[in-house]
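# here's a sequence, model it:
(one chain, ligands or ions: 1)
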Amino acid sequence: MNFLVINGPNLNLLGRREPDIYGKRDYAALCAHIKAAAGTENIEIDIMQSNHEGVIIDAIQGALGKYDGIVINPAAYTHTSIAIADAIAAVDIPTAEVHLSDVDNREDFRRISFVTPVCVIRVTGLGFDSYSEAITGLATYIRTKS
Ligand code: DQA
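Numbers count the residues shown, from 1 in each chain. Predicted coordinates for the structure are as follows:
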């Protein structure tokens with residue numbers, strides 16, 4: 001089984017970005033955490049990050065025929081991007097939505113997620129563990145379905 005992990009805008013600044021909300025560990029540490037979680041589940045993983053909506057959409061489209069699952073933290077695009085939600089629906093690859101912070105208990109605008117309806121799993125508020133939970137949950141979902 002193989003997954004593509006997509007991280008959206010500003011996640012490359014982890015560690016220096018609002019550490020009270022997102023923690024003090026940097027993006028390299030997040031990637032190491034994701035790879036360790038995938039290894040535990042015996043899942044091959046590719047990880048990408050982009051600050052650009054179109055690049056994220058191209059990555060989702062490019063996952064077709066290549067990946068069994070997608071784990072995505074669309075970051076601020078979560079709350080704005082119908083185009084990313086449409087891309088997830090279009091490729092029809094089981095997708096997990098992930099957020100480091102507890103988006104439902106922050107500003108009101110963060111409660112809106114355009115991707116939730118097209119994702120099979122949603123994990124929020126667990127910091128780096130949001131990704132490991134999502135990887136485990138998505139693997140279980142795919143194994144149960146096949
Ligand atoms: C985030 C939450 C979003 O609201 C925010 O715009 C982000 C990160 C999270 O992981 O908690 O950039 O997706």
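# and stretch 107-126, how far out from the chain's middle?
Taking the mean of its C-alpha atoms, stretch 107-126 sits 10 Å from the chain's own mean (CA atoms, centre = their mean, to the nearest Å).
# correction: stretch 63-82
For stretch 63-82, the distance to the chain centre is 6 Å (CA atoms, centre = their mean).
# okay, buried residues for that stretch please.
For stretch 63-82, a neighbour-count test (16 or more other CB atoms under 10 Å) marks 63, 67-75, 77-79, 81 as buried. Using the backbone N, CA and C atoms, a C-beta is placed for each residue, glycine as well.
# ok, stretch 102-114 next?
Neighbour counts over stretch 102-114 (16+ other CB under 10 Å) mark Val103, Arg110, Ser113, Phe114 as buried.
# so where do the helices sit in the chain?
19-22, 27-40, 53-62, 82-91, 129-145 (DSSP state H).
# now for the buried residues of stretch 63-82: which two are most distant?
Maximum pairwise distance in the buried residues of stretch 63-82, criterion CB to CB, is 27.3 Å, between Asp68 and His79.
# quick one: average pLDDT of stretch 36-50?
For stretch 36-50, mean pLDDT is 97.
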